[in-house]
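Undergrad: predicted coordinates and the sequence they were generated for:
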Number of protein chains: 4
Amino acid sequence: MLGFSVPRSPQGRAALTPPPPWFYAGNLLLVDYGADPEAVAAVLPPGLTPDPDDPGGAVAFFVDWQYASTSGHERTDPVLSQYHEFFVLVNAVHDRVKVQTCPYIYVDRDTSMARGWIQGWPKKLGQVHTTRPFPLPSPAAPQVAPGGQFGASLSANGRRLAEATLNLERVSADPVFLGRRPIINVRYFPRLTAGQHNQPAVHELVKSLLSGATRTDIWEGPATLAYFPAPDAELDALAPRHVRRGYRYSTAFQVDDLHVLTDLTGQQPQ
Amino acid sequence: MLGFSVPRSPQGRAALTPPPPWFYAGNLLLVDYGADPEAVAAVLPPGLTPDPDDPGGAVAFFVDWQYASTSGHERTDPVLSQYHEFFVLVNAVHDRVKVQTCPYIYVDRDTSMARGWIQGWPKKLGQVHTTRPFPLPSPAAPQVAPGGQFGASLSANGRRLAEATLNLERVSADPVFLGRRPIINVRYFPRLTAGQHNQPAVHELVKSLLSGATRTDIWEGPATLAYFPAPDAELDALAPRHVRRGYRYSTAFQVDDLHVLTDLTGQQPQ
Amino acid sequence: MLGFSVPRSPQGRAALTPPPPWFYAGNLLLVDYGADPEAVAAVLPPGLTPDPDDPGGAVAFFVDWQYASTSGHERTDPVLSQYHEFFVLVNAVHDRVKVQTCPYIYVDRDTSMARGWIQGWPKKLGQVHTTRPFPLPSPAAPQVAPGGQFGASLSANGRRLAEATLNLERVSADPVFLGRRPIINVRYFPRLTAGQHNQPAVHELVKSLLSGATRTDIWEGPATLAYFPAPDAELDALAPRHVRRGYRYSTAFQVDDLHVLTDLTGQQPQ
Amino acid sequence: MLGFSVPRSPQGRAALTPPPPWFYAGNLLLVDYGADPEAVAAVLPPGLTPDPDDPGGAVAFFVDWQYASTSGHERTDPVLSQYHEFFVLVNAVHDRVKVQTCPYIYVDRDTSMARGWIQGWPKKLGQVHTTRPFPLPSPAAPQVAPGGQFGASLSANGRRLAEATLNLERVSADPVFLGRRPIINVRYFPRLTAGQHNQPAVHELVKSLLSGATRTDIWEGPATLAYFPAPDAELDALAPRHVRRGYRYSTAFQVDDLHVLTDLTGQQPQ
């Protein structure tokens, strides 16, 4: 039986994800903002403490991704390679280093959801749309140029959970981007055996490793961001108190490793 | 009651489509090919005859569109502006002019389906994916450059109906593109009244009018194309006998008019 | 070229809908309520006037449908036969008869959307979920029995537009149901030719004809209903001021005819 | 941080799945058949051996589920409680007991996918449709009665992977049903740390525990079943060599426990 994840199969083609390395190319719209510091503190995993210099600091990302494995067949069968993602990163400190962690993340493809669980990104399914720029002038699409207007939204289970807009002003001299701070997440896989529902089989603090990252110019401008409530989400607890700036760029990188920082299985989940 | 289409409403916001002009920006992957000339002849509407110089000539298009109305609010709420489309155009002659007509077309959004019916594009729902190019080198995405590998697919009701690949070679000196020939379609809206099921209320031969079209360079290269059968489709009757070349480019235009050529309601539908 | 609707094709299999008769079987959850009488008056088509005895009267329907054409092949290929629907009917008077008309309706399948346009139901795409009853006791599903709790929701473009609940009390002695009043709708198909955007090709007041309707017992009980705003909908203008009762039952019928009452094309759309 | 699974959150509402018990109500269409014994042997996990009396024995299930947690709020918000599932069980022997194991399973909801991974069901996303019976005679729906015709299908990523039909004959005296044999699955959660990609963090042989199962009469009749290939699936290797009988019934049960049989992490994945 072959395959990096379930379902493992004789040829290994059935698995939700083939083995790393995993290659990514993405167009990102992100909004840097300040949330309620208590709400941020409430989503920090064990081992992380609030960032004293910016305890409510958070960033909302809306991304159009293309993915390929080593075989690369996904590139020309784009139903297998394209997905859309929303996630929020909040500020924290780990071992005296300023870091970020991801409490909530949504994607629209099972393969990405599976890779997320394995990496420590706690992915659920959602629908994400982000305005695409265009190489020709048109009322139907912005250009990556001063005045370019972009928007983005997230919904899950038929409810809108987040929306954002961004008006491009200029290439940023000091941009916010994915990976500017180290990202610390939690791998968590529960047990179903009676009496062990609070004793997960896997509970690890991990550091994401993105290798070979390249980026285009990062544009910035004024932005808006709003979150909305839903019975199966707590994203709105991290709603903006004040929005800073929005950013837009493209990036490429690969993932083939993960740094396990702490085994938390000895701790009773809080 | 306001609104260009149903549902008409007090403020006109509920309508599937606001009034023209409609603005479009799109990234197109297309494959020029030869189908069975008898199959092409069988889908020509009244008034069109086979193109004697290329009676099986056809082009398959896979497109990522963004759309906006005059108000432009769709641009920053991209769930309302983005859709994906597949269509096939076949060669014909109308009134001694070489033209094309669209027998089959699929989109993934109701607003586009409604506009299609009104324009004479016989749209159904389907899912279309097309590889996106990328501004940075990555195994996850091609660049618009020699060697760039693209793919595309169409499915409807959970069945794959079409797939294509294209390897970019060079900017084309004599490209195939949307609008190179005039496009003649059929507006058709039936009656449900008993005894009149074969007497449509609207049955018109119409000429599409795309105004203000701009295009990027059009790249070309070798391509593949395949169609697959389904109980609710006859696309596979137009399957390639030989594939010519594939093309990729971006375009923008607007639609606000339609030229009605012939009222066919006097004719009994064949 | 064969086919009752577009796309017409050599064998007639490609059309969005085959010719009538169309057979339907459905499970309905509906909520009878009172809306703002002015909001109801504002959605009445030409020829209909408010019901003086219940000018705000309205009913919201959530339905799980199965459909088959004469060939019946859809029955064993349920991806072709199943769809879900939400619609609201509002009270009116036509020619001194108490009737209802449908301003807004959502389905999740293109074939039903096409049949709707042809019949005068102004269908858009939406996602509708309705609790299913179950023949065995379970915390996961209600029974059609006193105390049975049902819910339903509508969303479109990732926004929740409507939600309802119903607690069954008893078989109703005087139920509200689909078809209790005649249903008068509007067939409307615009022209795109410049200068004629307000001169629809088809604009008819029509009366729906459901033949051979059968119904199970109709259960009733206390209900809730709420509508929510969206930029592309005006359903919330018809939100409940007071909710009356909810009802649940199953029905079957066929459609093969439509009564055209008035040609409105001479009137300038309001 | 509360929640049985990721994402864990301050209130525990964000988690893909709340803690057990999980309650299920489902309508099942299943087809009992014989696959290639070598193909069945190739998907057995460590510790299971072919069933010498029926080495190619397999059953394909198509199910409409409703789910609720202890809180039960999913019951009246059916977008949270309804999902559709396909899975195949193959025969095997474990510790001299005749059992079944699930190599492939598809659902259309993230919550069910997450619970599946935790239970050892290797779920991916797919779309499943199953004909619904109806309490009134209609060409649009079968009744649970002799002659009732049912169909079902599975697709994933826009490709049809499986389809089945069943014609009801009679209540079965010796039916095949879910749980007739014990079900042994594999919990598997990989490591991403470089050098450990073949050393999963969790690799356990587990026995599913369905408690409190109730069933309606189980109807049987002649059936058909077909599987189709896809680049990201190996289901077609288990295609029918001969189809036995089909069955249809409803069931309810709960899940709140799992029996871990063997820790396989010491074994190098094959």
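TA: Thanks, I have it.

Undergrad: tell me if A:Ala39 really is in a helix.
TA: Yes - counting by DSSP: H, G, I helix; E, B strand; the rest coil, A:Ala39 falls inside a helix.

Undergrad: which residue packs closest to it, ignoring adjacent ones?
TA: Take A:Ala39 and drop its neighbours on the chain: the residue closest to it by C-beta to C-beta, 6 or more residues apart in numbering or on different chains is A:Ala237, 4.6 Å away. Quick note: C-beta positions are derived from backbone N, CA and C, even for glycine.

Undergrad: helix/strand/coil for the one you found?
TA: The three-state assignment at A:Ala237 reads helix, by three-state DSSP.

Undergrad: isn't it right up against A:Glu38?
TA: No - the criterion here is C-beta atoms under 8 Å, and A:Ala237 misses it with A:Glu38 at 9.2 Å.

Undergrad: which of these two has more residues huddled nearby?
TA: For A:Ala237 versus A:Glu38, the count of surrounding residues by other C-beta atoms under 10 Å in any protein chain shown is larger for A:Ala237: 21 against 12.

Undergrad: which ones are touching that one?
TA: When contacts are counted by C-beta atoms under 8 Å, 6 or more residues apart in numbering or on different chains, A:Ala237 touches A:Asp36, A:Ala39, A:Ala42, D:Pro10.

Undergrad: out of the residues you listed, which comes closest to A:Asp174?
TA: The shortest approach to A:Asp174 among the contacts of A:Ala237 belongs to A:Asp36, at 25.1 Å (C-beta to C-beta).

Undergrad: how many other residues sit next to that closest one?
TA: Counted by other C-beta under 10 Å, the residues lying close to A:Asp36 total 16.

Undergrad: cool, the one 10 residues further on as well?
TA: A total of 13 residues lie near A:Pro46 under the criterion other C-beta under 10 Å.

Undergrad: which residue packs closest to it, ignoring adjacent ones?
TA: Leaving out its chain neighbours, the residue that sits closest to A:Pro46 by C-beta to C-beta, 6+ apart is A:Leu264, at 5.7 Å.

Undergrad: show me which residues of the stretch 101-250 of chain A sit near chain D.
TA: Taking C-beta under 8 Å from any C-beta of the partner chain as the contact definition, the stretch 101-250 of chain A meets chain D at A:103-105, A:109-110, A:113, A:117-119, A:122-125, A:157-158, A:186-194, A:197, A:201-202, A:231-235, A:237.

Undergrad: contacts only, for the residue in the stretch 51-200 of chain A positioned nearest to chain D.
TA: In the stretch 51-200 of chain A, no residue comes nearer to chain D than A:Pro122, which is 3.4 Å away by C-beta to the nearest C-beta. A:Pro122 is in contact with A:Cys102, A:Pro103, A:Tyr104, A:Ile105, A:Gly116, A:Asn185, A:Val186, A:Tyr188, D:Val6, D:Pro7, D:Arg8, counting by C-beta under 8 Å, 6+ apart.

Undergrad: next, count neighbours for the fourth one.
TA: Same thing as A:Ile105. 22.

Undergrad: confirm that it sits in a strand.
TA: Yes - counting by three-state DSSP, one finds A:Ile105 located in a strand.

Undergrad: which pLDDT value does the model give it?
TA: On pLDDT, A:Ile105 comes in at 98.

Undergrad: low-scoring pLDDT stretches of chain A, where are they?
TA: Regions of chain A meeting the criterion pLDDT under 70 cover residues A:268-270.

Undergrad: swap the cut-off to 80 and go again
TA: By pLDDT under 80, the low-scoring segments of chain A are A:266-270.

Undergrad: which bits of it sit near chain C?
TA: Neighbours of chain C within chain A, by C-beta under 8 Å from any C-beta: A:Gln127, A:His129, A:Ser153, A:Ser155, A:Gly158, A:Arg159, A:Arg160.

Undergrad: among the residues you listed, which lie within strands?
TA: A:Gln127, A:His129, A:Ser153, A:Ser155, A:Arg159, A:Arg160 (DSSP state E).

Undergrad: what's the burial count for the third one?
TA: Right, A:Ser153. Neighbour tally, A:Ser153, other C-beta under 10 Å: 27.

Undergrad: dump the residue contacts of it.
TA: Neighbour list for A:Ser153: A:Phe62, A:Val128, A:His129, A:Arg160, A:Ala162, A:Glu163, A:Ala164, B:Asp77, B:Pro78, B:Val79, C:Gly158 [criterion: C-beta under 8 Å, 6+ apart].

Undergrad: cool, and the last one?
TA: Taking C-beta under 8 Å, 6+ apart, we find A:Arg160 in contact with A:Ser153, A:Leu154, A:Phe228, C:Gly158, C:Arg159, C:Arg160.

Undergrad: how far away is the residue in the stretch 1-150 of chain A that chain C sits nearest to from D:Phe87?
TA: Proximity of the stretch 1-150 of chain A to chain C (C-beta to the nearest C-beta) peaks at A:Gln127, 5.4 Å away. When distance is defined by C-beta to C-beta, to the nearest Å, A:Gln127 is 26 Å away from D:Phe87.
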